[in-house]
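Asks: pasting the structure only:
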């Protein structure tokens with residue numbers, strides 16, 4: 001996992017970005033290469049205020065100013081000092097590649113029996129922070145320093161995975177150091193928690209996984225999160241573990257129903273984990289992560305509900321269609337054997353428990369989940385020319401993460417209430433809306449329900465009791 005180019009007796013670690021490797025020990029000598037924080041060099045001699053070195057990564061020899069590097073031995077006596085430097089660099093933003101280099105030197109110098117979870121926890125933390133920074137910079141003007149630091153880290157065996165999400169490249173640490181932390185009996189609960197959180201990041205799940213592979217991965221994610229005892233963690237870290245669990249179990253609830261298994265246990269677990277999160281213990285970044293967990297849980301929240309009783313009036317009947325399809329028939333339960341009023345098939349998950357019928361029997365809403373993080377609202381309504389079905393998506397964008405849900409019927413038969421929440425362009429958008437049923441056009445909207453008088457008067461009590469949009 002972590003390697004040095006050679007078993008060197010004396011090592012020089014570059015500590016300054018854009019340090020020059022020169023052909024001779026003079027400032028005016030030809031520049032052989034540009035070196036960056038964390039580059040490791042073999043020392044072969046000393047001339048004036050320069051060190052004669054060999055760069056195994058670039059396979060070049062040359063001279064570098066002694067002030068641009070720090071030297072160390074790679075024997076057991078140097079291990080305590082190297083670990084002290086690792087402890088200092090672990091939480092130093094911008095010094096991740098240098099920290100990786102010192103960790104590599106420590107792992108080389110320290111006797112195997114003395115290596116604990118501390119150094120591997122530090123290594124994983126620095127590698128993850130570096131790949132996060134690289135992901136945020138993706139699609140922006142090139143940052144040569146960040147790209148160089150990432151290249152230095154990978155030269156030590158740091159694994160980086162790449163996924164395309166939302167039209168840009170996402171870089172993720174492969175988590176090898178954190179896997180080793182989880183395997184160490186002496187690892188502390190907080191070290192286990194950091195490892196589990198890194199290994200279960202939602203944004204680092206490959207979008208190209210097959211349904212079977214995704215189910216296996218989410219089972220594994222749930223299992224390693226459950227190894228962590230949240231009761232023994234700081235409030236901040238306990239919150240983050242519970243939020244991550246809520247998102248993972250929401251995904252498992254969706255997958256259970258896709259496999260025609262009972263999803264209620266997984267759905268209820270997602271809601272329980274989210275309910276145990278304490279907003280009073282949030283750091284600045286946790287508000288965004290809490291919204292992420294809540295939207296994921298809300299997208300699959302119908303999985304926690306019991307199957308509905310057969311409809312006595314307007315209702316739906318579901319049956320298999322083509323392989324992977326579910327066909328929805330709109331029926332009048334009072335007319336046994338009558339032809340369906342309307343029939344529509346979908347590859348999404350149809351949540352029968354979500355059916356809501358307007359009191360006059362001329363409109364019905366149904367939740368249909370096309371992805372584990374994307375739930376749409378189907379609206380069936382009767383017009384002069386017959387029955388129609390329209391779809392209300394969470395947002396007018398490519399499916400990513402979001403939900404649209406029914407919130408109430410407005411007397412008069414022409415309008416209804418709905419809530420939509422989605423991540424658009426990296427930002428969360430939540431909207432409480434008054435809709436025209438015939439067209440699903442927005443009549444009025446607000447970012448809070450109390451700012452829309454129709455919500456105050458006509459919101460559905462069952463929706464208010466079950467929804468997560470009022471958190």
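Replies: Okay, I see it. A quick note: this is a predicted structure, and the numbers were derived from the prediction, not measured.

Asks: list the contacts of residue 436.
Replies: 414-415, 443 (CB atoms under 8 Å, 6 or more residues apart in numbering). All C-beta atoms are positioned from the backbone trio N, CA, C, and that covers glycine.

Asks: now those as TSV including secondary structure, pLDDT and distance to residue 232?
Replies: Formatted as TSV, the contacts of residue 436 follow (DSSP: H, G, I helix; E, B strand; the rest coil; pLDDT from 0 to 100; distance: CB to CB, whole Å):
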residue	secondary structure	pLDDT	distance to residue 232
414	coil	95	56
415	strand	97	51
443	strand	97	51
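
Asks: out of those residues, which is nearest to residue 457?
Replies: Nearest to residue 457 among those, counting by CB to CB, is residue 415 at 11.7 Å.

Asks: give me the nearest residue to the most centrally placed residue in the chain, chain neighbours excluded.
Replies: With distances taken as CA atoms, centre = their mean, residue 202 lies nearest the centre of the chain, 2.5 Å away. Among residues not flanking residue 202 along the chain, residue 247 sits closest, at 5.7 Å (CB to CB, 6 or more residues apart in numbering).

Asks: swap in residue 400?
Replies: Residue 400 sits nearest to residue 423 (CB to CB, 6+ apart), 5.7 Å away.

Asks: quick check, that neighbour in contact with residue 403.
Replies: No. Contact criterion CB atoms under 8 Å: residue 423 and residue 403 do not qualify, at 11.1 Å.

Asks: what do those two both touch?
Replies: The contact sets of residue 423 and residue 403 overlap at residue 295 (CB under 8 Å, 6+ apart).

Asks: so these two - more neighbours on which side?
Replies: Between residue 423 and residue 403, counted using other CB atoms under 10 Å, the more crowded position is residue 403 (29 against 20).

Asks: gap between that one and residue 65?
Replies: The spacing between residue 403 and residue 65, counted by CB to CB, to the nearest Å, is 58 Å.

Asks: and what about residue 63, helix, strand or coil?
Replies: Of the three states, residue 63 takes strand according to DSSP: H, G, I helix; E, B strand; the rest coil.

Asks: what's the strand or helix carrying residue 291 in contact with?
Replies: If you go by DSSP states H and E, residue 291 is part of helix 286-299. Residues outside helix 286-299 that contact it (CB under 8 Å, 6+ apart) are 202, 236, 239-240, 243-244, 246-247, 249-251, 254, 270-271, 274, 277, 279, 282, 369, 372-375, 401-403, 405, 421-423, 428, 467-469, 471.

Asks: let me see the contact set for residue 204.
Replies: Neighbouring residues of residue 204 by CB under 8 Å, 6+ apart: 161, 163, 170, 172.

Asks: for the stretch 51-200 of the chain, which segments are assigned as strands?
Replies: With DSSP state E, counting those that start in this stretch as the criterion, the stretch 51-200 of the chain has strands at 60-65, 69-73, 160-165, 168-173.
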